[in-house]
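Student: Everything below, folded, please.
(one chain, ligands or ions: 2)
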Amino acid sequence: MRAHLGQTQRYAHTVRVARLADRLAQAHALDPSRARLAGMLHDLARLYSAERLVAECEARGLPIDAFERRYPIVLHARLGAELARESFGIEDAAILSAIRRHTLAAPGMSQLDAIVYLADGLEPGRPFAERGRLEALAFHDLDGAMPALLRSSIAYLRGRGLEAAPLTLAALATYERRERSSLSA
Ligand SMILES: [Fe+2]
Ligand SMILES: [Fe+2]
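Tutor: Ligands and ions are numbered 1, 2, ... in the order given. The predicted structure is shown next:
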């Protein structure tokens with residue numbers, strides 16, 4: 001991993017994500033080794049240039065949508081899952097899904113998907129005001145922490161004049177529907 005990433009800072013982030021994913025999995029009675037592995041491999045393509053991301057996705061026949069054309073950096077998640085399979089021999093569909101969904105999220109996230117998304121956004125190297133509170137929430141309520149982090153990420157993007165992906169908005173809508181139905185139940 002270290003050799004593949006070729007950058008100390010990104011490697012340190014990767015290890016923090018893997019450790020937090022492991023601890024979150026333990027807290028939610030999921031397999032910590034799969035969470036750790038997904039965390040270790042989630043950013044394999046994170047340092048690729050926009051041109052390389054597009055070229056490598058096209059070379060593999062992966063479709064690229066309009067949002068991904070505008071923000072090719074997000075392709076590192078989908079391409080990363082392909083690299084995890086090709087270069088690290090990962091065939092576990094749940095791990096590949098968590099890698100694929102770690103950046104934009106998606107409707108219908110599994111618990112492992114959510115753990116890797118939360119670990120990536122909430123690892124202790126991320127300096128934002130709500131981090132500690134959201135991390136604590138993630139340890140006792142994945143379905144509560146997910147929409148909270150999605151809302152925080154969307155607000156952060158909009159604050160910088162960037163758009164949130166349709167997939168991210170759809171993910172949030174799914175969690176918010178779930179929140180409303182659990183409130184009314
Ligand atoms: Fe990433
Ligand atoms: Fe990451």
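Student: For this structure, what lies in contact range of ligand 2?
Tutor: Asp43, Asp120 (C-beta under 5 Å from the ion). In this view, the C-beta of every residue, glycine as well, is placed from N, C-alpha and C.
Student: Try it again at 6 Å.
Tutor: His13, Val17, His42, Asp43, Asp120 (C-beta under 6 Å from the ion).
Student: which among the residues you listed gets closest to ligand 1?
Tutor: Among the residues of the chain next to ligand 2, Asp43 lies closest to ligand 1 (C-beta to the ion), at 4.5 Å.
Student: Give me the neighbour count for the nearest residue to that closest one once chain neighbours are set aside.
Tutor: Counting by C-beta to C-beta, 6 or more residues apart in numbering, Asp43 lies nearest to Thr14, which is 5.7 Å off, once chain neighbours are set aside. Using other C-beta atoms under 10 Å, Thr14 has 24 neighbouring residues.
Student: Looks like Thr14 contacts Ala38 (just checking).
Tutor: No - between Thr14 and Ala38 there is no contact under C-beta atoms under 8 Å: 11.0 Å.
Student: burial of Arg160, as a residue count?
Tutor: So Arg160, with other C-beta under 10 Å, has 7 neighbours.
Student: ugh, wrong one, Glu179
Tutor: Neighbour number of Glu179 under other C-beta under 10 Å is 15.
Student: so it is in which element?
Tutor: Assigned by DSSP states H and E, Glu179 belongs to helix 166-184.
Student: Show me what that helix is packed up against.
Tutor: Here helix 166-184 touches helix 142-159, going by 3 or more C-beta pairs under 8 Å, 6 or more residues apart in numbering; DSSP states H and E.
Student: got the contact list for Asp113?
Tutor: Ser97, Ala98, Arg101, His102, Ala105, Ala106 (C-beta atoms under 8 Å, 6 or more residues apart in numbering).
Student: Any buried residues in the helix or strand of the chain with the lowest mean pLDDT, and which?
Tutor: None of the helices or strands of the chain scores lower by mean pLDDT, DSSP states H and E than helix 2-5, at a mean of 76. Neighbour counts over helix 2-5 (16 or more other C-beta atoms under 10 Å) mark His4, Leu5 as buried.
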